[in-house]
Each structure stands twice: as structure tokens, then as C-alpha cells.
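# I would like to see how this sequence folds:
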Amino acid sequence: MEEKIVYTFKASRRAKHIRLTVHRDGRVTVSSPLWVKQSMIDKFVSDRRQWILKKVRHFKMMQDKSGKPERKFTRRDYLENKDKALALIRERVEFYSETYGFKYNKISVRNQRTRWGSCSAKKNLSFSYKLLFLPEEHRDYIIVHEICHLGELNHSRKFWALVEKVIPDCMTVRRELRKSGLLYS
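Model (predicted):
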């Protein structure tokens, strides 16, 4: 008998594609544009069945090996650390934006649940306060990544070449970040 995959579905006005996320706690989330039919979503999940089960097993094994539960952040953590995070992030953004010669409008620090950072078309930078808890190398990679979006608002070869100017081993750092306990799925 096949193991059933239970997932949470979220329809989104902003979504352009169907997106599947396997969270570290074993939850599976699927988001899609509003126009996508349920039958397409079911097929999408079914086609990725083996990958989903492999990821769920991997996360369960990682949690079993570490023997410690993943850190849970609270609203109180955010309120206690947002100013400190903003000061640190602002300092690093100013340094790296000067290095690249890019201008930005605003920097904000939020209690983001799904992203480390973002850059808007209006050149506003937003970061998760949780950067404060990352090793410096990972934190700087995320900041540089978002600053490079000021020059290239995509993930093209030009964009990655910009990132590599300051962080030559950016792909290694990116892989390490994905393995960290604070990983965003």
C-alpha cells in the first residue's frame, strides 16, 4: 500500500508557477496561481512523490541524528532582536552597496517566515531578523545576494557573476546555508 502524501494547499494571486515545499518538520505545502485546477495540483504532487518521500525521510533522519529539536522562533524573539539585527544589516548593506556602487532606497527587518531577504523593483531591501543568528559568512552571502539584485533583478549568469565578485565560493556557502538549522524551505 502506497504511503499517502498529505499536503497543505495555498492559492496565491502572486504565484506564477506551482511550488512545492517540504519543510524540515515533514509538512508539505503546495502553492499555485489561482487559475490552476485541483487535478493539475494532484498530478504535480503525484509526479514528485518519490522526491517528496525522500525529503521527508531525510529531514526525519537529520532530526533523529542531532537529537535536538529545531529551534523555534517566537514573536518575542523578533521584538527583542529586530533593532540589533537592523543595525548589523544596515552596516553590512552600506559596506557592500558601496563596494558594488549600487544605490538602495530602504532597508527593513521583518519577521519573515519563508525568506532570508528580498529586493523589490523599487530598490527596497528587506531581511529576516534571523540573519542575526547565522554565521557571518552566511549572513554576508544573503546580504550580497540581495544587493546584487539592485543591479540584476533576476538569477541570470550576470547576477551570479556579480555575487561571485565578492563571494567567490557563493555556491558552497549557499549549499551550507541550505543545510543549516535555520533553513527556509
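
# how's the chain carved up into domains?
Domains of the chain are assigned by automatic domain parsing as 8-66, 75-179.

# Dump those to a markdown table, plus mean pLDDT.
Shown next, in a markdown table, are the domains of the chain (pLDDT from 0 to 100):
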| stretch | mean pLDDT |
| --- | --- |
| domain 8-66 | 84 |
| domain 75-179 | 93 |
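
# Adding mean neighbour count, write those out as CSV.
Using the backbone N, CA and C atoms, a C-beta is placed for each residue, glycine as well. Below are the domains of the chain laid out as CSV (neighbours: other Cβ atoms under 10 Å):
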stretch, mean neighbour count
domain 8-66, 14
domain 75-179, 16
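
# And the top helix by length along the chain, what does it pack against?
Secondary structure of the chain read by DSSP state H shows that its longest helix is helix 75-100. Helices and strands touching helix 75-100, by 3 or more Cβ pairs under 8 Å, 6 or more residues apart in numbering; DSSP states H and E, are strand 107-110, strand 125-128, helix 136-148, helix 157-166.

# mind checking how far the residue nearest in space to the middle of the chain is from F133?
Nearest to the geometric centre of the chain sits R115, at 3.6 Å (Cα atoms, centre = their mean). Plainly put, R115 is 15 Å away from F133 if you go by Cβ to Cβ, to the nearest Å.

# before we move on, what about V166?
Distance of V166 to F133, given as Cβ to Cβ: 22 Å.

# same thing with I89?
In this view, I89 and F133 are 13 Å apart by Cβ to Cβ.

# what do you get for L53?
Distance from L53 to F133, counting by Cβ to Cβ: 30 Å.

# And for stretch 164-181, what's in contact with it?
The contact list for stretch 164-181 (Cβ atoms under 8 Å, 6 or more residues apart in numbering) reads 70-71, 96, 99-100, 116, 134, 137-138, 140-142, 144-145, 160, 163, 183.

# Repeat that for stretch 35-44.
For stretch 35-44, using Cβ under 8 Å, 6+ apart, the contacting residues are 9, 11, 18, 20, 30, 32.

# how about a cut-off of 7 Å?
For stretch 35-44, the external contacting residues (Cβ atoms under 7 Å, 6 or more residues apart in numbering) are 9, 18, 20, 30, 32.
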